[in-house]
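# here are the coordinates; sequence isn't available:
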């Protein structure tokens with residue numbers, strides 16, 4: 001019985017450590033989002049419509065920042081925030 005309890009505790013600890021390593025930068029995605037209309041950039045390239053986090057004073061909660069989740073396309077951010 002003690003072996004089962006210790007094994008379960010070790011598995012839970014490893015899962016927690018693995019999750020903490022992945023979320024090194026992200027602080028949790030900003031819960032507010034803004035839709036960006038499709039448009040043509042000044043260099044002539046086309047950008048399709050998409051959602052982004054509502055602007056604020058940090059990049060830690062942006063969808064693209066490492067460890068944060070984008071609920072609109074189901075992906076996790078991969079970039080290191082600059083500030």
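That came in fine, so what should we check first? Since we're looking at a predicted model, the values are computed, not measured.

# what's downstream of the helix-or-strand element of the chain with minimal mean pLDDT, the next helix or strand?
Of all helical and strand segments in the chain, the minimum by mean pLDDT, DSSP states H and E falls on helix 2-22, at a mean of 59. Sequence-wise, the next helix or strand downstream of helix 2-22 (DSSP states H and E) is strand 33-36.

# shaky segments in this protein?
The chain contains residues with pLDDT under 70 at 2, 6, 8-27.

# and the gap between the spatially most central residue of it and residue 7?
Centroid-nearest residue in the chain, with Cα atoms, centre = their mean: residue 68, separated by 1.2 Å. Distance, residue 68 to residue 7, using Cβ to Cβ, to the nearest Å: 32 Å. (Glycine included, C-beta is placed from N, CA and C.)

# who's in contact with the residue nearest to residue 50 when sequence neighbours are not counted?
Leaving aside its sequence neighbours, residue 50 sits nearest to residue 36 (Cβ to Cβ, 6 or more residues apart in numbering; 5.5 Å). Going by Cβ atoms under 8 Å, 6 or more residues apart in numbering, residue 36 touches 47, 49, 50, 51, 52.
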